[in-house]
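> I would like to see how this sequence folds:
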Amino acid sequence: MKVAVTGGGGFLGQRIVEMLREEGSEVVSISRGHYPELEALGVECRRADLTNEAALATALAGADAVIHVAAKAGFWGKREDFMAANLRGTETLLAACAQHGIGRLVYTSSPSVCFDGRDHLRATNDLPRATRFLSPYPESKALAEQSVLAANSAQLSTVALRPHLIFGPRDPHIIPRLLERAAQGRLIRVGDGRNEVSLTHVDNAAWAHVCALRALEPNAACAGQAYFVGNREPVLLWDWIDGLLQALGYPAVQRRLPLGIARALGLACEAAWTLLPLKGEPPMTRFVALQLARSHSYDMGPVERDLGYEERLDMAAATANLIEDLKQNA
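Reported below is the predicted structural model:
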């Protein structure tokens with residue numbers, strides 16, 4: 001099977017590409033950059049912007065299946081930029097799949113498409129997508145996910161995966177920013193610190209995509225469905241962060257902020273960064289405050305049942321792997 005992976009040079013995309021190659025699949029990486037490390041694995045790298053219909057159609061030529069990982073991520077930015085990359089880019093991809101007769105599409109979504117500001121404890125696939133959003137990222141991903149699942153048919157089987165808070169070696173996002181703030185003394189515990197959260201080691205997130213590709217076919221149980229993906233064992237978020245910081249020689253988080261005050265601060269920051277406007281990202285938004293204080297953990301039963309997925313690293317091994325990598329690359 002020849003598999004095209006959009007965003008194959010990214011954090012999750014590269015691990016998916018590596019696993020596909022280990023499985024013996026022929027892989028094409030589609031992205032805007034150049035990645036010699038992928039070419040060294042025998043991966044054909046094709047450049048294309050997802051919103052460029054002609055370029056994307058050319059890049060997908062010869063593929064049997066697509067894993068669509070590429071996206072614009074972040075909690076702050078212009079809505080039109082997120083919509084262009086995440087919604088219009090996905091719609092363009094769907095059109096290109098139809099043009100080439102591609103039969104399988106695995107879409108990387110996000111649990112944030114369901115986040116409505118309330119606690120979600122061990123939520124299942126029955127949790128509906130949110131109808132109101134405090135950030136353009138989850139809004140754009142929700143609309144894109146809806147388009148992908150609506151496209152499921154006898155000609156194109158689709159499935160959406162929602163990996164939550166991916167971490168591990170080569171992470172350029174969550175953990176580096178966390179450690180940078182810890183080093184600067186800028187980490188603040190929002191809420192009561194007892195919120196339960198599912199985290200996902202990058203190996204588990206990537207393996208779930210490979211399992212989805214295997215399972216996906218017309219009338220498969222997973223076709224047209226969305227699945228939460230995470231380590232089976234959730235953590236108390238702030239306890240896990242304190243343990244990570246201690247293992248790496250950082251002080252534990254001492255500062256605390258009630259959720260109500262954090263939300264008010266987030267609203268004020270959003271107004272200032274919008275009206276003035278100020279450069280960069282605001283230090284707090286309502287979306288970030290709620291993400292840091294609320295529980296968002298998920299039941300892995302559905303993804304295990306329908307995709308034949310089994311996690312490769314449990315939470316203890318995943319955390320140890322992260323700490324070892326961070327120490328080696330400090």
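> Could you list every helix and strand in contact with the longest helix belonging to the chain?
As assigned by DSSP state H, the longest helix anywhere in the chain is helix 259-275. Judged by 3 or more Cβ pairs under 8 Å, 6 or more residues apart in numbering; DSSP states H and E, helix 259-275 is in contact with strand 188-190, helix 286-293. Quick note: C-beta positions are derived from backbone N, CA and C, even for glycine.
> Of all the ones you listed, which one comes closest to P136?
Of all the helices and strands packed on helix 259-275, helix 286-293 sits nearest to P136, with 9.8 Å by Cβ to Cβ.
> Can you name the residues in contact with that closest one?
Helix 286-293 has contacts (Cβ atoms under 8 Å, 6 or more residues apart in numbering) with 75, 112, 115, 117, 134-135, 138, 190-192, 195, 237, 259, 262-263, 265-267, 270.
> Repeat that for stretch 257-275.
Contact partners of stretch 257-275, identified using Cβ under 8 Å, 6+ apart, comprise 76, 188-191, 278, 281-290, 292-293.
> Dihedrals phi and psi, the closest residue to G42 other than its chain neighbours?
Using Cβ to Cβ, 6 or more residues apart in numbering and skipping the chain neighbours, the partner closest in space to G42 is R21 (6.6 Å). For R21, the backbone dihedrals (degrees, to the nearest 10) come out as phi -70, psi -40.
> pLDDT wise, what is R21 at?
You'll see R21 listed with a pLDDT of 97.
> which residues touch it?
Contacts for R21 were tallied using Cβ under 8 Å, 6+ apart; they are V27, L41, G42, V43.
> any idea how far F11 is from the third one?
Put plainly, it is G42. 21 Å (Cβ to Cβ, to the nearest Å).
> These two: who's more crowded?
F11 (21 against 9; other Cβ atoms under 10 Å).
> so the more buried one makes contact with H173?
Yes. With contact defined as Cβ atoms under 8 Å, F11 reaches H173; the gap is 6.9 Å.
> what about the residue lying closest to T6 once chain neighbours are set aside, distance to G185?
Nearest residue to T6, sequence neighbours excluded (Cβ to Cβ, 6+ apart): A70, at 3.9 Å. Distance, A70 to G185, by Cβ to Cβ: 35 Å.
> repeat for L275
The spacing between L275 and G185, counted by Cβ to Cβ, is 29 Å.
> Neighbour count: these two, which is higher?
Neighbours were counted for L275 and for G185 using other Cβ under 10 Å; G185 has more, 12 against 8.
> residue contacts, that one?
Listed by Cβ under 8 Å, 6+ apart, the contact set of G185 is empty.
> sorry, back to before: can you put the helices and strands packed on helix 259-275 in CSV and add mean neighbour count?
Below are the helices and strands packed on helix 259-275 laid out as CSV (neighbours: other Cβ atoms under 10 Å):
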stretch, mean neighbour count
strand 188-190, 21
helix 286-293, 22
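> any chance of those in a markdown table, plus mean pLDDT and distance to M315?
Formatted as a markdown table, the helices and strands packed on helix 259-275 follow (pLDDT from 0 to 100; distance: least, Cβ to Cβ, whole Å):
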| stretch | mean pLDDT | distance to M315 |
| --- | --- | --- |
| strand 188-190 | 96 | 21 |
| helix 286-293 | 97 | 19 |
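> Relative to L60, which of these is closest?
Of the helices and strands packed on helix 259-275, nearest to L60 by Cβ to Cβ is helix 286-293, at 33.3 Å.
> who's in contact with the helix or strand just after that closest one?
Once helix 286-293 ends, the next helix or strand along the chain (criterion: DSSP states H and E) is strand 296-298. By Cβ under 8 Å, 6+ apart, the residues outside strand 296-298 that reach it are 111, 115, 119-124, 162, 164, 195-198, 228-230, 234.
> 7 Å instead?
Contacts to strand 296-298, defined as Cβ atoms under 7 Å, 6 or more residues apart in numbering, come from residues 111, 115, 120-123, 164, 196-198, 228, 230, 234.
> go on, stretch 62-80?
With Cβ under 7 Å, 6+ apart, stretch 62-80 has contacts from 1-7, 10, 12-13, 16, 28, 31, 50, 60, 81-82, 85-86, 90, 93, 97, 100, 102-108, 135-137, 209, 213, 281-282, 285, 287-288.
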